[in-house]
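Asks: Below is the sequence, then the predicted model.
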Amino acid sequence: MTPPFWLSSLGPTPSMDWQPDEQGLQQVLQLLKDSQSPNTATQRVVQDKLKQLNQFPDFNNYLIFVLTRLKSEDEPTRSLSGLILKNNVKAHYQSFPPPVADFIKQECLNNIGDASSLIRATIGILITTIASKGELQMWPELLPQLCNLLNSEDYNTCEGAFGALQKICEDSSELLDSDALNRPLNIMIPKFLQFFKHCSPKIRSHAIACVNQFIMDRAQALMDNIDTFIEHLFALAVDEDPEVRKNVCRALVMLLEVRIDRLIPHMHSIIQYMLQRTQDHDENVALEACEFWLTLAEQPICKEVLSSHLVQLIPILVNGMKYSEIDIILLKGDVEEDEAVPDSEQDIKPRFHKSRTVTLPHEEERPEDPEDPEEDDDDDDDTLSDWNLRKCSAAALDVLANVFREELLPHLLPLLKGLLFHPEWVIKESGILVLGAIAEGCMQGMVPYLPELIPHLIQCLSDKKALVRSIACWTLSRYAHWVVSQPPDMHLKPLMTELLKRILDGNKRVQEAACSAFATLEEEACTELVPYLSFILDTLVFAFGKYQHKNLLILYDAIGTLADSVGHHLNQPEYIQKLMPPLIQKWNELKDEDKDLFPLLECLSSVATALQSGFLPYCEPVYQRCVTLVQKTLAQAMMYNQHPDQYEAPDKDFMIVALDLLSGLAEGLGGQVEQLVARSNIMTLLFQCMQDTMPEVRQSSFALLGDLTKACFMHVKPCIAEFMPILGTNLNPEFISVCNNATWAIGEICMQMGAEMQPYVQMVLNNLVEIINRPNTPKTLLENTGRLTSPSAIPAITIGRLGYVCPQEVAPMLQQFIRPWCTSLRNIRDNEEKDSAFRGICMMIGVNPGGVVQDFIFFCDAVASWVSPKDDLRDMFYKILHGFKDQVGEENWQQFSEQFPPLLKERLAAFYGV
């Protein structure tokens, strides 16, 4: 393509003397003006023109010229010219001819002190963009010149240079503290500290912001000057400029994390200072200061240093939990009925599908669900998803409640009464939020007050203000555990009745809060809800016809959770008749590429598992579509891998959710899924999915493989020789969920293959033994049972099952896994999986009794964890225990059993007479 006459390939002219062609300059200016036009057609023409011009490096000279030299032009046009240049630098800087690059760099440094703050900021952005393209090394004069310009008497020059330095510190903090550049921070940090005392607040603020970039990485140059830094911060504590105060607070919050040792001597005064700042009349300062309490709560010294200040802190946090006037305007707090208003697309947050994880039931109940405090208050203020003082105060109160527990209540309860019954709705609403925020930490101390508070909160569900109704939903969900522990007629029934009314509220925010709260209640109440199923389903189905887009997605979740919670009790013709038609109608309305399929597929997966044979009439089209979704995604991924420039990468969530729904069908329909599998190519597709690069795809594939193994092994068996090596390579605990699901699938395959498993034992055994011996395998919080289980239970069960079908192959390794095997299975409830695993261990002990001798006490303990083993399994235990006792003799047995805890002694004596 030939360039316009005014764009030459650069000749030998030295770049510093470069002058634009007048006509060319006019064309560039016209282009910049057009690009500010609201008309989309004009915009498109501009974009095409820019694309063409960007092929000529010379064009960038025009752009920098407009930014730095054309003082007569209006600022937005000049700034825009700089921003287009910045994008070019980002995309093509490596291919700029040296004279062009030099001209741009020179112009930036010469004009960093422009009279306009917008132009200074634009030049600063341009400088840091060039610097971050690896140019900090290639532009050695940049940092010395900028630091030099800080000394300028001219305010604009000093401010412009500082603005640029602050951006460089933000973008290249690691590089600045490295040997690659000869550690410029050794000069820069002391230089910045000098400016903490500058007469201009803007400059003071830049100086602190620059230093703040290096706190979290503990840059050596800053650590060497840490005491000066802290002294200077204290000197600025009462600065009249809010931006300066904000940066001081931010610095102290970070220092609390990385150099608490330096703050401890001053902790009392810092806390006093932060108490004042958390009430700063500038909300940005108050928010930064409020972060201090969140960070302090994570420090071991929190209790010790904060106890005596709670009396001041608690009222301040509580006060910060009120909606501000601006919040209320943004939340349309005066709009009570908006259910007929369609949602705008940006209202809908992207959802992430949680892949299917195989889990085991467990004995120990867990305490209240410890939600992440950051997420905690999300349910009630979604539209203000920006972090604000209200959310930060609530999060701080939540984490402090977890630190101080009941000690918080004497400071809170007197305030709470006044808030909860206050005539002004804003204050009452904040009281309800307070009550929800402390639910987890102060639960024990709150129990005596709940019989009186819960009915009051249930009453607040019908308050005339929508924001009060919605926060009451959230707070009640935080106490759901307690509600369910009381006789159902006391609180559960009234709460459920009122929440169901709120699900049909005229206000969308209340609908959303009620649906989320109801899902939490379902998880806690489980089968307690069975008597009310008809009433619940009527409400949820009615909501289908009423909800706008965003809340529909939450409604699917509430229905899926209901199915998980009541299980097969849902399999009644009248319930199926209510629930399935609206779900299938949605299913038919949605196209294959619509992301709303995700929550609907998740929901159907739970429903299919719960309905079992009741789902049969609907299974054929659902099954077919899932297979199609997997097939389409795989095909798209293949095309993308071959021609990434021509095709888009697929959204693999479609495939993951489809695999999970197929698992739900296999689990729910059992053997009846066989004909569907026979008529499809699912095994071929599964072979590809199991080798996908994305861990979540593999995770869901292995779950489906295990479910199909249980449901219709005849279709899995021909593929075993191909599948086993893939399962073996996925026994990698780095991807814990993939590893768990692969392990579980191997165990299910063992039970079907029997002795034919023999050729594959060596492929998987060593990895399983290694996994079970890993120190403190993390405890996973299990979604579906809501209980803790140790992930090593799944490897233990699979090792037991391998030993059950191939004892000769596995028994020689007994000594290497018997101890962790026993400890990880003692907490699992009696069930089929535990049964097969223990049969395996008994058979292996038969083959290699020596392998268990050193750890026999662990075996005794694991045997005693059984409540009611089947008779033949109990006989196996009896034989092993008595065999061991006879082998060592009465006297040695007595000595040995002295080590037993009393409870273990009792159980073994009672059940097995040893």
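Replies: All right, it came through fine. Residues are numbered from 1 along each chain as shown.
Asks: tell me what the longest helix belonging to the chain is packed against?
Replies: When the chain is parsed with DSSP state H, its longest helix is helix 616-642. Contacts defined by 3 or more CB pairs under 8 Å, 6 or more residues apart in numbering; DSSP states H and E place helix 616-642 against helix 573-589, helix 597-611, helix 653-669, helix 674-678, helix 682-689. (C-beta placed from N, C-alpha, C; glycine too.)
Asks: Now the phi/psi pair for residue 462, please.
Replies: Dihedral angles of residue 462 (phi, psi; degrees, to the nearest 10) stand at phi -110, psi 20.
Asks: quick one, which of the helices and strands packed on helix 616-642 is nearest to residue 317?
Replies: Smallest distance to residue 317 across the helices and strands packed on helix 616-642 (CB to CB): 35.1 Å, for helix 597-611.
Asks: Packing partners of that closest one?
Replies: Applying 3+ CB pairs under 8 Å, 6+ apart, one finds that helix 597-611 contacts helix 549-566, helix 573-589, helix 616-642, helix 653-669.
Asks: what distance separates the second one from the centre of its chain?
Replies: Relative to its parent chain, helix 573-589 has a centroid offset of 32 Å by CA atoms, centre = their mean, to the nearest Å.
Asks: Could I get the CA-only coordinates of that helix as PDB?
Replies: In PDB, the C-alpha atoms belonging to helix 573-589 read as follows (Å, rounded to 0.1, in the frame of the first residue of the first chain):
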ATOM      1  CA  PRO A 573     -45.900 -37.800  40.300                       C
ATOM      2  CA  GLU A 574     -47.600 -34.600  41.600                       C
ATOM      3  CA  TYR A 575     -44.200 -32.900  42.300                       C
ATOM      4  CA  ILE A 576     -42.800 -34.000  38.900                       C
ATOM      5  CA  GLN A 577     -45.900 -32.600  37.300                       C
ATOM      6  CA  LYS A 578     -45.400 -29.200  38.900                       C
ATOM      7  CA  LEU A 579     -41.600 -28.900  38.400                       C
ATOM      8  CA  MET A 580     -40.700 -30.500  35.100                       C
ATOM      9  CA  PRO A 581     -42.900 -28.600  32.500                       C
ATOM     10  CA  PRO A 582     -41.400 -25.100  33.300                       C
ATOM     11  CA  LEU A 583     -37.900 -26.500  33.400                       C
ATOM     12  CA  ILE A 584     -38.300 -28.300  30.000                       C
ATOM     13  CA  GLN A 585     -39.900 -25.200  28.500                       C
ATOM     14  CA  LYS A 586     -36.800 -23.100  29.400                       C
ATOM     15  CA  TRP A 587     -34.600 -25.900  28.100                       C
ATOM     16  CA  ASN A 588     -36.400 -25.800  24.700                       C
ATOM     17  CA  GLU A 589     -36.200 -22.000  24.600                       C
END
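Asks: Show me which residues of it are buried.
Replies: Within helix 573-589, the residues that count as buried by 16 or more other CB atoms under 10 Å are 575, 576, 578, 579, 580, 582, 583, 586, 587.
Asks: How about the third one: what's its closest non-neighbour residue?
Replies: The spatial neighbour of residue 578 that comes closest, neighbours along the chain excluded (CB to CB, 6 or more residues apart in numbering), is residue 537 at 4.6 Å.
Asks: go on, residue 707?
Replies: What sits nearest to residue 707 in space, not counting adjacent residues and going by CB to CB, 6+ apart, is residue 666, at 3.9 Å.
Asks: one step back: of the helices and strands packed on helix 616-642, which approaches residue 524 most closely?
Replies: With CB to CB as the measure, helix 597-611 is the member of the helices and strands packed on helix 616-642 nearest residue 524 (16.7 Å).
Asks: could you give the angle of the closest one to helix 616-642?
Replies: 140 degrees (axes from the mean of the first three to the mean of the last three CA atoms, to 10 degrees).
Asks: pLDDT (mean, whole number) over helix 597-611?
Replies: For helix 597-611, mean pLDDT rounds to 93.
Asks: So what touches that helix?
Replies: For helix 597-611, contacts defined as CB atoms under 8 Å, 6 or more residues apart in numbering pick out 351, 353, 553, 556-557, 559-561, 563-564, 566-568, 570-571, 576, 579-580, 583, 586-587, 590, 615, 619, 622, 626, 629, 653-654, 657-658, 660-661, 663-665, 667-669.
Asks: Can you say which of the helices and strands packed on helix 616-642 is packed in most?
Replies: The highest mean neighbour count among the helices and strands packed on helix 616-642, using mean count of other CB atoms under 10 Å, belongs to helix 653-669: a mean of 27.
Asks: what's it packed up against?
Replies: Helix 653-669 packs on helix 597-611, helix 616-642, helix 682-689, helix 695-711, going by 3+ CB pairs under 8 Å, 6+ apart.
Asks: how does it look with 6 Å?
Replies: On a contact count with 3 or more CB pairs under 6 Å, 6 or more residues apart in numbering; DSSP states H and E, helix 653-669 meets helix 597-611, helix 616-642, helix 695-711.
Asks: The longest one - what's its average pLDDT?
Replies: Read that as helix 616-642. Average pLDDT, helix 616-642: 95.
Asks: what ranges do the helices span in the stretch 151-300 of the chain?
Replies: 155-171, 173-176, 185-194, 201-212, 220-224, 226-235, 242-258, 260-263, 267-277, 283-297 (DSSP state H, counting those that start in this stretch).
Asks: Can you flag the weakest of those by average pLDDT?
Replies: Mean pLDDT is lowest for helix 173-176 among the helices of the stretch 151-300 of the chain, at a mean of 81.
Asks: what's it in contact with?
Replies: By CB atoms under 6 Å, 6 or more residues apart in numbering, the residues outside helix 173-176 that reach it are 136, 184, 185, 213.
Asks: May I ask which of those has the most neighbours?
Replies: Counting neighbours by other CB atoms under 10 Å, residue 185 comes out on top of the contacts of helix 173-176 with 24 neighbours.
Asks: low-confidence ranges in the chain?
Replies: 1-16, 134-135, 333-334, 345-356, 358-385, 776-792 (pLDDT under 70).
Asks: the domain parsing of it - what is it?
Replies: Domain ranges of the chain: 20-171, 188-307, per the TED database.
Asks: now the helices for the stretch 451-600 of the chain?
Replies: 466-478, 480-485, 492-503, 508-525, 533-544, 549-566, 573-589, 597-611.
Asks: Nearest to residue 40, out of the ones you listed?
Replies: With respect to residue 40, and counting by CB to CB, the nearest of the helices of the stretch 451-600 of the chain is helix 549-566 at 25.4 Å.
Asks: relative orientation of the closest one and helix 573-589 in degrees?
Replies: Going by the same axes, to 10 degrees, helix 549-566 makes 140 degrees with helix 573-589.
Asks: what inclination does helix 549-566 have with respect to helix 492-503?
Replies: With the same axes, to 10 degrees applied, the angle from helix 549-566 to helix 492-503 works out at 160 degrees.
Asks: Run through the neighbouring helices and strands of helix 549-566.
Replies: Contacts defined by 3+ CB pairs under 6 Å, 6+ apart place helix 549-566 against helix 508-525, helix 597-611.
Asks: thinking again about what came up before, deepest of the helices of the stretch 451-600 of the chain, which one?
Replies: Greatest average neighbour count among the helices of the stretch 451-600 of the chain goes to helix 466-478 (a mean of 27), per mean count of other CB under 10 Å.
Asks: mind saving the C-alpha coords of it as PDB?
Replies: Only the C-alpha atoms of helix 466-478 are listed here, as PDB (Å, rounded to 0.1, in the frame of the first residue of the first chain):
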ATOM      1  CA  ALA A 466     -37.400  -3.200  50.000                       C
ATOM      2  CA  LEU A 467     -33.900  -2.700  51.300                       C
ATOM      3  CA  VAL A 468     -35.000  -3.800  54.800                       C
ATOM      4  CA  ARG A 469     -36.800  -6.900  53.500                       C
ATOM      5  CA  SER A 470     -33.700  -7.900  51.400                       C
ATOM      6  CA  ILE A 471     -31.200  -7.600  54.300                       C
ATOM      7  CA  ALA A 472     -33.600  -9.500  56.600                       C
ATOM      8  CA  CYS A 473     -33.400 -12.400  54.100                       C
ATOM      9  CA  TRP A 474     -29.600 -12.400  54.300                       C
ATOM     10  CA  THR A 475     -29.300 -12.200  58.000                       C
ATOM     11  CA  LEU A 476     -31.900 -14.900  58.600                       C
ATOM     12  CA  SER A 477     -29.900 -17.200  56.300                       C
ATOM     13  CA  ARG A 478     -26.900 -16.600  58.500                       C
END
